[in-house]
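Chemist: show me the folded form of this:
(chains A and B)
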There are 2 protein chains.
Amino acid sequence: MGKKKDAKAAKAVEDVFSSEESPLSVDVRTALRARTAAGEVLSPPDVDADGTPGFEGNKAEGRAALSARSARLAELQELLYAAGRVDQEAAPSVLVVVQGMDTAGKGGLMRTVAGAMDPQGVRTAAFGRPTEEELEHDFLWRIEQQMPEPGQIVVFDRSHYEDVLVHRVEGLSPRAEVDRRYGAIREFEEAAVAAGTRVVKVMLHISKQEQGERLLARLENPDKHWKYDPADLDTRAKWDEYQQAYAIAIVETDSDRAPWYIVPADRKWYSRLAVQEILIAELEDLDLRWPASTIDAEAEKARLAAL
Amino acid sequence: MGKKKDAKAAKAVEDVFSSEESPLSVDVRTALRARTAAGEVLSPPDVDADGTPGFEGNKAEGRAALSARSARLAELQELLYAAGRVDQEAAPSVLVVVQGMDTAGKGGLMRTVAGAMDPQGVRTAAFGRPTEEELEHDFLWRIEQQMPEPGQIVVFDRSHYEDVLVHRVEGLSPRAEVDRRYGAIREFEEAAVAAGTRVVKVMLHISKQEQGERLLARLENPDKHWKYDPADLDTRAKWDEYQQAYAIAIVETDSDRAPWYIVPADRKWYSRLAVQEILIAELEDLDLRWPASTIDAEAEKARLAAL
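Modeler: Sure, this is the predicted structure:
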């Protein structure tokens, strides 16, 4: 790669790395919220998985906008981290729950959006098949252990919602137990919000056709076979049941304090951009300021000058 | 920000996001290794903190090169993660220990280099002042708990080396105990290497003048006062003693299997680029391949076509 090209690219990167404004022409949380302004709760099939609400640009423009705004996200996250350092008891925190069908792009979202922030104050937690120890406890036990501390942002890659989605469709728990869990989740999230955690729930919504194409691409690339799990097709065979289980989970657990967003995810770049904007909006709502100075800056400058 | 500018920037970003070649004109590990080819071990003062060995470009070019190579790092990390998924007992892992004086850029390094990889297989661990529980155990106890699992990369922000650096200079432990610890560290790291962990140790090396400028910049920006710790000046007052403690720790614990690198860090962009290249070189040494396919791809394609 030539030096000139490097320099040109570097300049372009610098140019876009400082955007204070949302690249979306709509309020992202209003546009993607599962519950409409009229109070109706949308099901995944009501939402166009291929859409890009509020963004007219193409993929390259979308990716540039994602980069441009990552610095803003990082700055807001640092403000939150600073608040946690100053008040380790009462600083707010943020939980982002990410759900979606296989291949919906959960992993890439972790890498791009969570990865744009400082690992010191940001953690991701992936919830796979429960371990034996986890199975001996209530389904929320392992979740509680991963909740954010004051000042932290935690992003869940799958979550307690698996325990009402998979358990409902696959019959892993009796229906009465699944029904009980919606209430348990509402109470759990409500308590987290009351304790100072903002809770945001995101369903990365892909179309069945797009999932088929992504699975086929994996099958056609031997390098990706290690990622391919034949059980994914068993889940795909129950597509409509899973979509319905999502619809029920969303209706049962959406609230203004712990809202669900259905994010179109057939275009990965859009879903990443949208989730980043949701997170930016949540952090901006906190209206954080840099902690007040507790040092005598002039005295410190004098000491520094002498060293 | 205009659409056209977005699109242009996006194109430039795409262009640089695929560099398979090191942007450095030297072998980074040979150039920055504390032990020279002749077997002599360098002290921090032997190394120009303002240097950019192997890179002729400016800051913007350096940052573009960092971006360009982050995709390569992410790819290698995914290969390692894949190896860990396939063989949870014997897959290799990587530990990067990052040390440096205050303001040397440890936090930014975590964000840019660790942040470029998939959080699923990468973790950072920061070691601050030990807790009471930690103080009841041997100094390596809290370190052991954060070591990487097979397939993982873990980056330490400070480490067990604090227990020979700070303890030596501040006299927190008797000299005999500090001297014992060098041997304990050698054995600990040797055992980690024998168990399949690659161990890389990095000292981010800044000049005293550069530290003074960075501390002054913090003092002049009230938004950053929360990060400012007056104790940093106490440490700065003992600059030469700390440099000497680093020199001793490096001589005592450098080995071909657990090498130390002294990375010039007066220019943050260079130190990030250099550490990224060291990590890329370590991962390339592992000579990983995508795991062999264990699925019948044609049968799966037929199943998929029917769904």
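Chemist: what number of residues lie near A:D229?
Modeler: Neighbourhood size, A:D229 [other C-beta atoms under 10 Å in any protein chain shown]: 12. All C-beta atoms are positioned from the backbone trio N, CA, C, and that covers glycine.
Chemist: what ranges do the helices span in chain A?
Modeler: For chain A, the helices defined by DSSP state H occupy A:3-16, A:28-32, A:59-86, A:106-112, A:132-135, A:141-144, A:162-170, A:175-194, A:208-220, A:231-237, A:239-253, A:268-285, A:297-306.
Chemist: can you redo these as TSV with distance to B:R29?
Modeler: Shown next, in TSV, are the helices of chain A (distance: least, C-beta to C-beta, whole Å):
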stretch	distance to B:R29
helix A:3-16	23
helix A:28-32	45
helix A:59-86	30
helix A:106-112	26
helix A:132-135	42
helix A:141-144	41
helix A:162-170	43
helix A:175-194	46
helix A:208-220	35
helix A:231-237	41
helix A:239-253	49
helix A:268-285	34
helix A:297-306	36
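Chemist: can I get those in a markdown table including mean neighbour count?
Modeler: Formatted as a markdown table, those follow (neighbours: other C-beta atoms under 10 Å in any protein chain shown):
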| stretch | mean neighbour count |
| --- | --- |
| helix A:3-16 | 19 |
| helix A:28-32 | 19 |
| helix A:59-86 | 21 |
| helix A:106-112 | 21 |
| helix A:132-135 | 10 |
| helix A:141-144 | 16 |
| helix A:162-170 | 20 |
| helix A:175-194 | 15 |
| helix A:208-220 | 17 |
| helix A:231-237 | 15 |
| helix A:239-253 | 18 |
| helix A:268-285 | 22 |
| helix A:297-306 | 13 |
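Chemist: and B:L32, which of those is closest to it?
Modeler: helix A:3-16 (21.4 Å; C-beta to C-beta).
Chemist: still on that earlier bit, may I see the helices of chain A arranged in CSV, with distance to B:V28 and mean pLDDT as well?
Modeler: What follows is the helices of chain A, written out as CSV (distance: least, C-beta to C-beta, whole Å; pLDDT from 0 to 100):
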stretch, distance to B:V28, mean pLDDT
helix A:3-16, 18, 48
helix A:28-32, 42, 97
helix A:59-86, 26, 93
helix A:106-112, 24, 89
helix A:132-135, 43, 94
helix A:141-144, 41, 98
helix A:162-170, 43, 97
helix A:175-194, 45, 98
helix A:208-220, 34, 96
helix A:231-237, 40, 94
helix A:239-253, 48, 98
helix A:268-285, 31, 97
helix A:297-306, 34, 95
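Chemist: how about these in a markdown table, adding distance to chain B?
Modeler: Listed next are those as a markdown table, based on distance: least, C-beta to the nearest C-beta, whole Å:
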| stretch | distance to chain B |
| --- | --- |
| helix A:3-16 | 4 |
| helix A:28-32 | 17 |
| helix A:59-86 | 4 |
| helix A:106-112 | 5 |
| helix A:132-135 | 16 |
| helix A:141-144 | 17 |
| helix A:162-170 | 15 |
| helix A:175-194 | 21 |
| helix A:208-220 | 5 |
| helix A:231-237 | 5 |
| helix A:239-253 | 8 |
| helix A:268-285 | 10 |
| helix A:297-306 | 5 |
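Chemist: looking at the ones you listed, which is nearest to B:S293?
Modeler: helix A:208-220 (9.7 Å).
Chemist: that closest one to helix A:268-285, inter-axis angle?
Modeler: Here the directions of helix A:208-220 and helix A:268-285 differ by 120 degrees (axes from the mean of the first three to the mean of the last three C-alpha atoms, to 10 degrees).
Chemist: tell me what angle helix A:208-220 forms with helix A:239-253.
Modeler: Per the same axes, to 10 degrees, the angle that helix A:208-220 makes with helix A:239-253 is 120 degrees.
Chemist: helix A:208-220 - contacts with which helices or strands?
Modeler: Helix A:208-220 sits against helix A:231-237, helix B:297-306, with contacts defined as 3 or more C-beta pairs under 8 Å, 6 or more residues apart in numbering or on different chains; DSSP states H and E.
Chemist: redo that, cut-off 6 Å
Modeler: Helix A:208-220 makes packing contacts with helix B:297-306 when contacts are defined by 3 or more C-beta pairs under 6 Å, 6 or more residues apart in numbering or on different chains; DSSP states H and E.
Chemist: who's in contact with the helix it packs on?
Modeler: Here helix B:297-306 makes contact (C-beta atoms under 6 Å, 6 or more residues apart in numbering or on different chains) with A:215, A:219, A:233.
Chemist: contacts only, for the first one.
Modeler: With contacts defined as C-beta under 6 Å, 6+ apart, A:L215 is in contact with B:L304.
Chemist: distance of it relative to A:E61?
Modeler: 28 Å (C-beta to C-beta, to the nearest Å).
Chemist: thought A:D163 was touching A:W141?
Modeler: No: judged on C-beta atoms under 6 Å, A:D163 makes no contact with A:W141 at a distance of 11.0 Å.
Chemist: starting at the chain centroid, how far to stretch A:156-174?
Modeler: With C-alpha atoms, centre = their mean, to the nearest Å as the basis, stretch A:156-174 stands 18 Å off its chain's centre.
Chemist: what's the end-to-end length of that stretch?
Modeler: 25 Å (C-alpha to C-alpha, to the nearest Å).
Chemist: end-to-end on stretch A:125-132?
Modeler: So stretch A:125-132: terminal residues 18 Å apart, C-alpha to C-alpha.
Chemist: please read the previous query as pertaining to stretch A:138-157.
Modeler: Chord length of stretch A:138-157, first to last residue, is 19 Å (C-alpha to C-alpha).
Chemist: buried ones in it?
Modeler: Of the residues in stretch A:138-157, A:139, A:142-143, A:147-148, A:150-157 count as buried by neighbour count, 16 or more other C-beta atoms under 10 Å in any protein chain shown.
Chemist: farthest-separated two in those?
Modeler: Greatest spatial distance in the buried residues of stretch A:138-157: A:F139 and A:G151, 27.1 Å, computed using C-beta to C-beta.
Chemist: correct me if wrong: A:D50 contacts A:D266.
Modeler: Yes: with contact defined as C-beta under 6 Å, A:D50 reaches A:D266; the gap is 4.3 Å.
Chemist: for the closest residue to A:R267 other than its chain neighbours, grab the count of nearby residues.
Modeler: For A:R267, ignoring the flanking residues on the chain, the nearest one in space by C-beta to C-beta, 6 or more residues apart in numbering or on different chains is A:T52 at 6.3 Å. Neighbourhood size, A:T52 [other C-beta under 10 Å]: 20.
Chemist: find me the pLDDT at A:T52, would you?
Modeler: We have a pLDDT of 98 for A:T52.
Chemist: tally of neighbours for the nearest residue to A:T30 once chain neighbours are set aside?
Modeler: Excluding the flanking residues, the one nearest A:T30 by C-beta to C-beta, 6+ apart is A:A37, at 6.9 Å. The tally of other residues near A:A37 (other C-beta under 10 Å) stands at 7.
Chemist: quickly note the distance from A:A37 to chain B.
Modeler: Distance, A:A37 to chain B, by C-beta to the nearest C-beta, to the nearest Å: 29 Å.
Chemist: A:W260 contacts A:K201, doesn't it?
Modeler: Yes: judged on C-beta under 6 Å, A:W260 makes contact with A:K201 at a distance of 4.7 Å.
Chemist: list the residues that contact both of those two?
Modeler: Listed contacts common to A:W260 and A:K201 are nil; contacts here mean C-beta under 6 Å, 6+ apart.
Chemist: give me the neighbour count for A:Q88.
Modeler: Neighbours of A:Q88 under the rule other C-beta under 10 Å: 11.
Chemist: do A:G171 as well
Modeler: 10.
Chemist: give the contact list for it.
Modeler: Residues near A:G171 by C-beta under 6 Å, 6+ apart: none.
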